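*Asks:* got a sequence here, can you build the structure:
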Amino acid sequence: MSYLPDIEAQKLLEEAKKVSENTYSPYSHFPVGAAVLTADGTIVCGTNVENASYGLTICAERIALGQAVSIGKTNIKAIAVYCKTNGSAPCGACRQFIIEFGKEVVVIFMNGEELVQRTIQELLPYAFTKEAMG
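*Replies:* Below is the predicted model of the structure:
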C-alpha cells in the first residue's frame, strides 16, 4: 500500500481538525481529533474524551476507530490525527489499537509544518498482532 495523495491526506486532516473542536478535555486542555478513512471512502471521526480518573480517558483515534466498527466499517485505509500543537503522532496505545486493522493503515499527522504519512507498521515495527499469536 502507498501513502495517500497529499491533497487527500490534507482533506482527512481537516476533518480531524474540525472534530477536535468537540473534544471533552477539561483536565489536559489538549484537544485532539481523528478522522478515519475506510476502503469504501467513508470518513468517520472521533475526539478525545477525558475523565477525572485519568486511566479512563479515551484517545480520539480509538473513538474514531470504534465509531467505524460500530457502523460495520473495519477495512481501514487511513487515519488522520490533529491537535493544535502540530505534534500529534498517535500514542503507543493508539498505535497498537490501529495496527489491529492492518499493517498498511496510513497514519497522517503534522510534525511542525510537515505533513507526515507513515504506515502503522512503520510507526510500530514489532507490533503484537493476530499473526504473532499464531
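
*Asks:* can you name the residues that contact residue 58?
*Replies:* Contacts were defined as Cβ atoms under 8 Å, 6 or more residues apart in numbering; by that measure residue 58 touches 48-49. Just so you know, the C-beta spots here come from the backbone N, C-alpha and C atoms, and that holds for glycine as well.

*Asks:* where does pLDDT dip in this protein?
*Replies:* Low-confidence segments of the chain (pLDDT under 70): 1, 134.

*Asks:* the strands in it, which residues?
*Replies:* When secondary structure is read from DSSP state E, the chain shows strands at 32-38, 43-47, 76-83, 106-111, 114-119.

*Asks:* closest to residue 13 out of those?
*Replies:* Go through the strands of the chain one by one with Cβ to Cβ and the one that ends up closest to residue 13 is strand 76-83, at 4.4 Å.

*Asks:* neighbouring strands of that closest one in the sheet, and parallel or not?
*Replies:* Taking DSSP bridges as the criterion, strand 76-83 sits next to strand 32-38 (antiparallel), strand 106-111 (parallel) in its sheet.

*Asks:* need the CA coordinates for it. PDB is fine.
*Replies:* Coordinates of each C-alpha in strand 76-83 appear next as PDB, following Å, rounded to 0.1, in the frame of the first residue of the first chain:
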ATOM      1  CA  ILE A  76      -9.500   0.900   7.300                       C
ATOM      2  CA  LYS A  77      -7.300   2.800   4.700                       C
ATOM      3  CA  ALA A  78      -6.000   5.700   6.800                       C
ATOM      4  CA  ILE A  79      -6.400   7.700  10.000                       C
ATOM      5  CA  ALA A  80      -5.500  11.400  10.400                       C
ATOM      6  CA  VAL A  81      -4.800  12.800  13.800                       C
ATOM      7  CA  TYR A  82      -4.900  16.600  14.600                       C
ATOM      8  CA  CYS A  83      -4.000  18.700  17.600                       C
END
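
*Asks:* what is the burial count for residue 70?
*Replies:* 9 (other Cβ atoms under 10 Å).

*Asks:* which ones are touching it?
*Replies:* Residues counted as contacts of residue 70 (Cβ under 8 Å, 6+ apart): none.
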